[in-house]
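K.L.:
predicted model and sequence follow; I will ask about them next.
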Amino acid sequence: MAGIKDVAAEAGVSVATVSRVLNDHPSVSPDARSRVLAAVAALGYRPNAVARSLRTDQTRALGLVISDVLNPYFTELARSVEEEARALGYSVVIGNADERPDLQDHHVRTLLDRRIDGLLVSPADGGSPLMLEAARAGTPMVFVDRWIPGLDVPVVRADGRGAVRDLVAHLHGLGHRRLAIIAGPAATTTGSERVEAFRAALAEYGVGLPDAYVGQGDFQAESGRRATERFLDLPEPPEVVFAADNLMALGALDAIRARGMRVPEDIALAAFDDIPWFVHTDPPVTAVAQPTGELGRAAVRALVDRIEGRTPRSVTLPARLVVRRSCGESDEGGEGTGRPGAGAPAGAPETPASRVQRSTP
């Protein structure tokens, strides 16, 4: 492969001049710049990224540690991160934590050892010592989707509380009163926040959330299946199962079908984190949708701001409810309105239309 000396010889200039052209230094004549660029093109020269990183103390690489690469939500998030990073002149190295704090720390350590310029993380737990140490040492870092409370790190996330409230309004309007939730790990912010939002929304309608109607999951399909089996074995099973992520919802659907039951005729099903698969299930699944692509892009912009010396900012975007057929139909035979209707608490505010989407597959 051609080296910088070969480019200098081809262009008839010094190695220092080639270096200044490649680094876009202004103190190069137009003629010399033109000859260097022509030589670069003719020889197919590519700068040594490792050597350049040693000189500039930058690798133009970002690390992304996601919780589960098999989860379509995180797959879409990773894609948007890579696209935005590429547009800003950065590459992305991805580590899959597989919802394991130890594997998360392995990836964080490896990425830091490789001198990435900044780190995007969706934490798999409430704060490993390594993550805390990296953040407090000043490593450019942004949390995306999940976060670790108490750390001075920008957070880019969706607020699903309004959409969960819309979901409960929709379910209550359809006449459902026994509602259960499959929760994610309490050590994650999203795991605890979604249960709290669900409980608070139920309380607005005077509906409680008994312990028997809270199933503990781990954001994996198998835990959704097990939790749903326990619900179905209760003397009085719930009328609705709300899974706090998409994979647990698919597990719940498997458990319901294994019992020979139908959705929504025998039991209704809803999920947090909409995915394309939900349009193709039978029936299509009502879900809370996060603005995943925009979250990924906003996270990259915040991290690049931090790396390049600008002030990064946290970003919170609203989620929305996508109403499909998995929770039943209204008395009029159409899909539920997603607004407080029959049985709504007195004085309940109207649901913002921007938070509710009708889907008719």
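P.N.:
Looks like it came in fine. Numbers count the residues shown, from 1 in each chain.
K.L.:
and Gly208, which of the three is it?
P.N.:
Of the three states, Gly208 takes coil under DSSP: H, G, I helix; E, B strand; the rest coil.
K.L.:
residues contacting it?
P.N.:
Leu202 (CB atoms under 8 Å, 6 or more residues apart in numbering). Where you see a C-beta, it was placed from the backbone N, CA and C, and this is true even at glycine.
K.L.:
do you know how far it is from Val241?
P.N.:
16 Å (CB to CB, to the nearest Å).
K.L.:
again with Leu269
P.N.:
5 Å.
K.L.:
distance of the residue nearest to the spatial centre of the chain from Glu76?
P.N.:
Residue closest to the mean C-alpha point of the chain, counted by CA atoms, centre = their mean, is Asp145 at 4.7 Å. Using CB to CB, we find Asp145 at a distance of 11 Å from Glu76.
K.L.:
next one: Thr228
P.N.:
Applying CB to CB, the value for Thr228 to Glu76 is 25 Å.
K.L.:
which helix or strand contains the residue nearest to Pro101 when sequence neighbours are not counted?
P.N.:
For Pro101, ignoring the flanking residues on the chain, the nearest one in space by CB to CB, 6 or more residues apart in numbering is Asp125 at 4.2 Å. If you go by DSSP states H and E, Asp125 is not part of any helix or strand.
K.L.:
same check on the one 10 residues further on?
P.N.:
Secondary structure assigned from DSSP H and E places Ala135 in helix 129-136.
K.L.:
pLDDT (mean, whole number) over the helix or strand following that helix?
P.N.:
Downstream of helix 129-136, the next assigned helix or strand under DSSP H and E is strand 141-144. Mean per-residue pLDDT for strand 141-144: 95.
K.L.:
quick one: the strands in the chain?
P.N.:
Counting by DSSP state E, one finds strands in the chain at the ranges 61-66, 91-96, 118-121, 141-144, 155-159, 179-183, 214-216, 240-243, 268-272, 286-289, 315-318, 320-323, 356-358.
K.L.:
buried deepest among those strands, which one?
P.N.:
strand 240-243 (a mean of 30; mean count of other CB atoms under 10 Å).
K.L.:
can you list the residues that contact that one?
P.N.:
Residues outside strand 240-243 that contact it (CB under 8 Å, 6+ apart) are 167, 171, 176, 178-182, 198, 217, 224, 228, 231, 249, 251-252, 256, 267-272, 327.
K.L.:
which strands or helices does the helix holding Ala135 pack on?
P.N.:
helix 101-113 (3 or more CB pairs under 8 Å, 6 or more residues apart in numbering; DSSP states H and E).
K.L.:
could you dump the helix it packs on to PDB, C-alpha only?
P.N.:
Taking C-alpha atoms only, helix 101-113 is exported to PDB below (Å, rounded to 0.1, in the frame of the first residue of the first chain):
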ATOM      1  CA  PRO A 101     -24.100  -6.500  33.700                       C
ATOM      2  CA  ASP A 102     -20.900  -8.500  33.600                       C
ATOM      3  CA  LEU A 103     -20.900  -8.600  29.800                       C
ATOM      4  CA  GLN A 104     -21.800  -4.900  29.700                       C
ATOM      5  CA  ASP A 105     -18.700  -4.100  31.800                       C
ATOM      6  CA  HIS A 106     -16.500  -6.300  29.500                       C
ATOM      7  CA  HIS A 107     -17.600  -4.200  26.500                       C
ATOM      8  CA  VAL A 108     -17.100  -0.900  28.300                       C
ATOM      9  CA  ARG A 109     -13.600  -1.900  29.400                       C
ATOM     10  CA  THR A 110     -12.700  -3.100  25.900                       C
ATOM     11  CA  LEU A 111     -14.000   0.000  24.200                       C
ATOM     12  CA  LEU A 112     -12.200   2.300  26.600                       C
ATOM     13  CA  ASP A 113      -9.000   0.300  26.100                       C
END
